[in-house]
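Chemist: sequence and predicted model, in that order:
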Amino acid sequence: MKATFSPEKIRKIRKKHKLTVYGFGKRLGGRPNYVVNGWENGTIIPTIPSIVQMCDEFNLEPNYFFNLKGGGVEKAEGTE
């Protein structure tokens, strides 16, 4: 399974909570505007601690930020 970061989801959260880029960054401990803009544009990938902080602040699960591709679990040889 492959997981890719989905930057548009950060913008969606920010707009849902009616926050400016500045306000969003401030709620996350004072992140600068360029960092939040980078997250939203996909030029900066948030660190795991930043994702956890967004999850805590906005009551989300970490997988919210990722598009999962692929699927299924491959069976080991000789198993049914």
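Modeler: All right, it came through fine.

Chemist: residues contacting stretch 35-54, please?
Modeler: 5, 7-8, 10-11, 13-14, 21, 24-25, 28-29, 31, 60, 62, 65 (Cβ atoms under 8 Å, 6 or more residues apart in numbering). The way it works is simple: take the backbone N, C-alpha and C, and place the C-beta from them, glycine included.

Chemist: middle-most residue in this protein, spatially?
Modeler: Geometric centre of the chain, nearest residue: residue 65, 3.2 Å, by Cα atoms, centre = their mean.

Chemist: give me the buried subset of the contacts of stretch 35-54.
Modeler: Among those, those buried by neighbour count (16 or more other Cβ atoms under 10 Å) are 7, 10, 11, 13, 14, 21, 24, 25, 28, 31, 65.

Chemist: relative to residue 20, how far out is the second one?
Modeler: What that stands for is residue 10. Residue 10 sits 13 Å away from residue 20, going by Cβ to Cβ, to the nearest Å.

Chemist: any idea of the mean pLDDT in the helix ranked longest in the chain?
Modeler: As assigned by DSSP state H, the longest helix anywhere in the chain is helix 48-58. Averaged across helix 48-58, pLDDT comes to 95.

Chemist: elements contacting whatever helix or strand comes next after that helix?
Modeler: Remark: after helix 48-58, the chain's next helix or strand is strand 66-69, criterion DSSP states H and E. In terms of contacts (3 or more Cβ pairs under 8 Å, 6 or more residues apart in numbering; DSSP states H and E), strand 66-69 is packed against strand 2-5.
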